[in-house]
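Visitor: Quick one: sequence plus predicted model below, questions after.
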Amino acid sequence: ALQDVKYMFYDCKELTSIDLSGISFLNVKYLNAMFYECSNLKNLILPSNEKASNVIDFSYMFYKCEKLTSVDLSNISFINAQKLSFMFFNCSSLIYIKFPTEEKATKIEDFQEMFSQCQNLRAIDLSNFSFEKAKNLNRMFFNCSNLENLILPKNEIAINIEDISFMFSGCNKLKIIDLSGISLRNIKDISYIFYNCTNLENIIFANDESINKIEQMSGAFYNCYNLKSIDLSKININLVTDLDYLFYSCSSLETIKLPEQKAYNIKSLFHAFHNCTKLRAIDLSRISLTNIIDISYLFYNCSNLESIIFSNDELINKIEKISYAFSNCYKLKSIDLSKF
C-alpha cells in the first residue's frame, strides 16, 4: 500500500492542475514537500474516498504554491501529524483552507513558518490543533497582512514552547490576539513577535506565575501604534541583554507596566521608547544601568513625557552612546543624570 509521496511533484513549476482523486492516502505517512514550488498550480483535488489518518509529516507540503487559492484537507486527518513547518509558506494567493474537524491534533512538534507570507488569508481556525508538544512557533503567521480572524488553541496551556519570535510580524489587520493557551514560562525568544501589528488593540496573555527564561525581546511591540497599555510586570528579564526598539512608535501607548524584578544585564535601550507620544511617565527603576552602553534615541519624540525615573545605581560609567536620547521631549521639566 502507498505510504510515501513526499517530493512527488517537487519543483513542477508548469503544472496548473492536479487530480489525485483516484489515489488512496489511507496508509500514507509522508506528504512533506509533495507540491514544493508548484508555483503555477491553481487546481488541486486530493483523495476523498477514505479518511487518511497515518500522516506524520506535512512540512513544506505546499511551499511556494503561489497560485493556489483554496486547499481542502478535510479528508486528511492530523491526528498523528508531527511536523507542519513551512506547510503553506508563501502561498500568497491562498484565501481558504479547510481543515478536518473530527479529531484533535495533539502530536505536532513544529509549526515554524506554517502560514508565513500567506498575504491573502482572511481567517484561520486552529481550535482543533494543540500546541502542547510544540517548541517552535517562530514566524508562524509572518506577514499574513490580511488576516483578520485567528482562533488559536486554548483549551489547554502549552508549556513547552521556546520560540515565538516574529510569530505575528506584519499581521497588520489583527485587532485582538489571544495567547491564553500559550504559557510563557519556557519562552526564550519573543523578539519582534508583534512587529508592525498596526491595528492591534488587545493582547491576552496566559496567567503565568513566573516567566524567567526570556533571552531576547527586542522590537516585540515595534510599531504597534494602536496599543494603549502593556503589562510586562510578571516577566523576569535578567537574561535579556538588549531592549532595542521594544516599544518603537507605540504612539497610542499610555501605560506600561515594566518587569517588577530587577534586571542587571541590559546593555542597550536603543530606540526603546522612540515616538511613544502619549506616554506621560516612565519608571525604569527596575532596570539597572550599570552595564548600559547605548541609550541613543531612547525617548526620542516622546512629546508628552513629563517624568522619568531611572534606577538608583551607584555607578553608571559604561555608556558610550547617548545621542538624541531625550530629543523632542518637550514636556520634560527635570531629569536626574547625576549617576551617569
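Guide: Thanks, I have the structure now.
Visitor: so how far is residue 71 from residue 45?
Guide: Residue 45 sits 11 Å away from residue 71, going by CB to CB, to the nearest Å. Where you see a C-beta, it was placed from the backbone N, CA and C, and this is true even at glycine.
Visitor: Neighbour count: these two, which is higher?
Guide: Neighbour tally, residue 45 and residue 71, criterion other CB atoms under 10 Å: the higher count belongs to residue 71, 21 against 12.
Visitor: Now the more buried one, what are its backbone angles?
Guide: Main-chain dihedrals, residue 71, degrees, to the nearest 10: phi -140, psi 130.
Visitor: Could you check how far it is from residue 206?
Guide: Per CB to CB, residue 71 is found 30 Å from residue 206.
Visitor: same question, residue 64
Guide: Counting by CB to CB, the gap from residue 64 to residue 206 is 34 Å.
Visitor: the more surrounded of those two?
Guide: residue 64 (21 against 17).
Visitor: In this structure that one contacts residue 35, no?
Guide: No - if you go by CB atoms under 8 Å, residue 64 and residue 35 don't touch, sitting 9.1 Å apart.
Visitor: Quick check: beta-bridge partners of residue 230?
Guide: residue 256 (DSSP bridges).
Visitor: That one and residue 221 touch, don't they?
Guide: Yes - look at residue 230 against residue 221 with CB under 8 Å: they come within range, at 6.5 Å.
Visitor: Same drill for those two, tell me which one is more crowded.
Guide: A direct count of neighbours by other CB under 10 Å for residue 230 and residue 221 places residue 221 higher, at 27 against 20.
Visitor: pLDDT score for the closest residue to residue 42 other than its chain neighbours?
Guide: Excluding its sequence neighbours, the residue lying closest to residue 42 (CB to CB, 6 or more residues apart in numbering) is residue 67, at 4.8 Å. pLDDT, residue 67: 98.
Visitor: wait, what's in contact with residue 67?
Guide: 16, 39, 40, 41, 42, 93 (CB atoms under 8 Å, 6 or more residues apart in numbering).
Visitor: For those residues, give me a markdown table that also has distance to residue 268 and secondary structure.
Guide: Conversion of those to a markdown table gives the following (distance: CB to CB, whole Å; DSSP: H, G, I helix; E, B strand; the rest coil):
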| residue | distance to residue 268 | secondary structure |
| --- | --- | --- |
| 16 | 51 | coil |
| 39 | 41 | coil |
| 40 | 46 | coil |
| 41 | 46 | coil |
| 42 | 48 | coil |
| 93 | 40 | coil |
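Visitor: Report the two of those separated the most.
Guide: By the measure CB to CB, 16 and 93 form the most distant pair in these, at 12.9 Å.
Visitor: Which one of the two is surrounded by more residues?
Guide: Taking other CB under 10 Å, residue 16 and residue 93 do not tie; residue 93 has more neighbours (16 against 11).
Visitor: Please report the distance of that one from residue 66.
Guide: In this view, residue 93 and residue 66 are 6 Å apart by CB to CB.
Visitor: residues touching the closest residue to residue 17 other than its chain neighbours, list them.
Guide: Spatial nearest neighbour of residue 17, excluding adjacent residues (CB to CB, 6+ apart): residue 43 at 4.2 Å. When contacts are counted by CB under 8 Å, 6+ apart, residue 43 touches 16, 17, 18.
Visitor: now do 10 Å
Guide: Counting by CB atoms under 10 Å, 6 or more residues apart in numbering, residue 43 makes contact with 15, 16, 17, 18, 19, 67, 68, 69, 70.
Visitor: where's it relative to residue 15, distance?
Guide: Distance of residue 43 to residue 15, given as CB to CB: 10 Å.
Visitor: next one: residue 307
Guide: From residue 307 to residue 15 the distance is 63 Å (CB to CB).
Visitor: what do you get for residue 68?
Guide: Taken as CB to CB, the span from residue 68 to residue 15 is 11 Å.
Visitor: Overlap in contacts, the two.
Guide: Joint contacts of residue 68 and residue 15 (CB under 10 Å, 6+ apart) are 35, 38, 39, 40, 41, 42, 43, 44.
Visitor: Now the third one. Its backbone dihedrals?
Guide: Backbone geometry at residue 39, expressed as degrees, to the nearest 10, gives phi -70, psi -10.
Visitor: again with the last one
Guide: Recorded main-chain torsions at residue 44 are phi -140, psi 130, according to degrees, to the nearest 10.
Visitor: and it, bridged to which residues?
Guide: Beta bridges link residue 44 to residue 18 when assigned by DSSP bridges.
Visitor: Appreciated, that's everything.
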